[in-house]
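**Q** Have a look at this prediction, sequence included:
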Amino acid sequence: MTARHGGFTMMELMAVVGIVAILALMAVPTFQSQIVRDQINTALPLADIVKNPIAASWAATQSFPADNAGAGLPPAEKIVKNYIKSIQVEGGAMHITFGNRANGVIFGKILTIRPAVVSEAPIVPVAWVCGVADAPEKMSVMGENKTNIPADYLPFGCRARNRVN
């Protein structure tokens, strides 16, 4: 009789390696989406600098600045950060163009943040609508939405709600 040594056969090890590889490949898209969302969330605080002059313009004149100069801001290509290439003001809306060290999925893509107001009550502060999100109830969103980032990569606050009638 021959003694059998404990352990796994090569076929058993290869089966386990194959299963682990398949599971890893299934998880990669989820991680990429999370990385892109994190880059967008990291970049959004720069937009706060632009929000204040736009909101001040609405409070003072009930109109929005036509461009960066009208808002008292530097040119679009001078408002930059790690993942942001520029922020362009257009009719009160902010168009954030991603670039620099941004993930290839959003490189050159635009995220728009638009002001929402109550026209009949200018005392009501400006609310901000990110991407394709819905406007607050009873408020009108101003400016054109140029968001072209795929919805799967947008932060949850920048996505439209699915309404059931």
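**A** Everything's here; your move. Numbers count the residues shown, from 1 in each chain.
**Q** is it fair to say residue 36 lies in a helix?
**A** Yes: assignment of residue 36 by DSSP: H, G, I helix; E, B strand; the rest coil places it within a helix.
**Q** ok, it - contacts?
**A** Contacts here follow Cβ atoms under 8 Å, 6 or more residues apart in numbering; on that basis residue 36 touches 103, 105-106, 153. For glycine as for every other residue, the C-beta is placed from the backbone atoms N, C-alpha and C.
**Q** next one: residue 75
**A** The contact partners of residue 75, by Cβ under 8 Å, 6+ apart, come to 68-69.
**Q** can you rerun that using 10 Å?
**A** Residue 75 makes contact with 67-69, 86-88 under the criterion Cβ atoms under 10 Å, 6 or more residues apart in numbering.
**Q** Next: residue 134.
**A** Listed by Cβ under 10 Å, 6+ apart, the contact set of residue 134 reads 116, 141, 159-161, 163.
**Q** any weak-confidence spans in this protein?
**A** Applying pLDDT under 70 to the chain flags the ranges 1-5, 162-165.
**Q** List of residues touching stretch 14-32?
**A** Contacts to stretch 14-32, defined as Cβ under 10 Å, 6+ apart, come from residues 8-9, 103-105, 152-153.
**Q** neighbours of the nearest residue to residue 81 once chain neighbours are set aside, just the number please.
**A** Counting by Cβ to Cβ, 6 or more residues apart in numbering, residue 46 is the residue found nearest to residue 81 once chain neighbours are left out, at 4.8 Å. Other residues near residue 46 come to 17 when the count uses other Cβ atoms under 10 Å.
**Q** can you check residue 137 too?
**A** Close neighbours of residue 137, defined as other Cβ under 10 Å, add up to 5.
**Q** That one: what secondary structure?
**A** Relying on three-state DSSP, one would call residue 137 coil.
**Q** so how far is residue 112 from it?
**A** 20 Å (Cβ to Cβ, to the nearest Å).
**Q** and if you look at residue 51?
**A** In this view, residue 51 and residue 112 are 13 Å apart by Cβ to Cβ.
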